[in-house]
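Student: Quick one, fold the following:
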Amino acid sequence: MAMTAVHLSIVFVPIAIYGAVKRDKDVFRVSLVTIALVLMQAALLFMVSIGWFKHLQFNWLQKLFVFLSAIFLCRPLGVTPKECGYLLPTSPKACLYALAFGLIYASIDLAGIEEHSVPTLEAVLFQLSMPGLQEEPFYRGLLLSIWDKHFGRPVKFLGVNFGIGALVTTVIFTISHLVLLDENWKLLVNPNVLEWLNFVVFCLFMCWLRYKFESVWPCVLAHNFDNGFVKLFSWWAASPGRSL
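Tutor: Purely as a prediction, here's the structure:
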């Protein structure tokens, strides 16, 4: 929660202050809604697992709750499931684009790993399913649609119209992965410029997929394939009779 407060302070608090000073009610209101949603996500992710889930290595239950919250909160927040991209894509090309992008990014990630630790089967299954299922409906679904609903999508790039939501969600997603607090409450900022560029490009392409096919599910597929491929490859390579 403390780390989430830092992320919000970096990104959304200045925007909210700008909206208050300029008396721009839309900016101020949407910023506050976003702050509340990101705090809610953090609270769910850090909740204690119960029952069968508490014996697992990863936070399956918490990520599932974030996913369900993103789905059920859209209408109370003034956006429809269609506007959030929660409907399935109508074009079969969506899956091809998603798999191609996931494979490209997974290959880049694989090339950047010097040593391959052997993951558990649970780690493989988790990375192939849950990260995208939690993050894409929340960031590229709910948050993206809330900002675009209020401020539109005025910039056309690569055949689709981008809105300020793409910028906002890209910034908060990137910062949340590359700015951390250590055990001594010291702020750590990833110094690798390529890592920052990597996350920015990833997020913008996720937004492109979301806009192009009007659905968040190609993003979920690409995200999980990217996350899970390295784990799956390492697990497969470490199986008896194989080596890296």
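
Student: What are the boundaries of the helices in this protein?
Tutor: 2-21, 25-45, 60-72, 93-111, 121-127, 130-135, 144-151, 164-178, 193-213, 217-237 (DSSP state H).

Student: Out of those helices, the one nearest residue 80 is which?
Tutor: Closest of these to residue 80 is helix 144-151, at 8.4 Å (criterion: C-beta to C-beta). From N, CA and C alone the C-beta is placed, and that goes for glycine too.

Student: Geometric centre of the protein: which residue is closest?
Tutor: residue 135 (3.5 Å; C-alpha atoms, centre = their mean).

Student: can you count the residues close to residue 63?
Tutor: For residue 63, the count of nearby residues is 22 (other C-beta atoms under 10 Å).

Student: Return the distance of it relative to residue 72.
Tutor: 15 Å (C-beta to C-beta, to the nearest Å).

Student: Could you do residue 196 as well?
Tutor: 33 Å.

Student: neighbour-wise, which of these two wins?
Tutor: residue 196 (16 against 10).

Student: residues in contact with residue 51?
Tutor: Listed by C-beta atoms under 8 Å, 6 or more residues apart in numbering, the contact set of residue 51 is empty.

Student: From residue 107, how far off is it?
Tutor: 38 Å.

Student: With residue 38 instead?
Tutor: Applying C-beta to C-beta, the value for residue 38 to residue 107 is 31 Å.

Student: And the two? Which one has more around it.
Tutor: residue 38 (21 against 14).

Student: From what I see, that one and residue 169 are in contact.
Tutor: No: contact criterion C-beta atoms under 8 Å: residue 38 and residue 169 do not qualify, at 10.5 Å.

Student: so where's the protein shaky on pLDDT?
Tutor: Residue ranges of the chain with pLDDT under 70: 1-24, 111-117, 237-244.

Student: same thing but 80
Tutor: 1-28, 109-119, 180-187, 230, 233-244 (pLDDT under 80).
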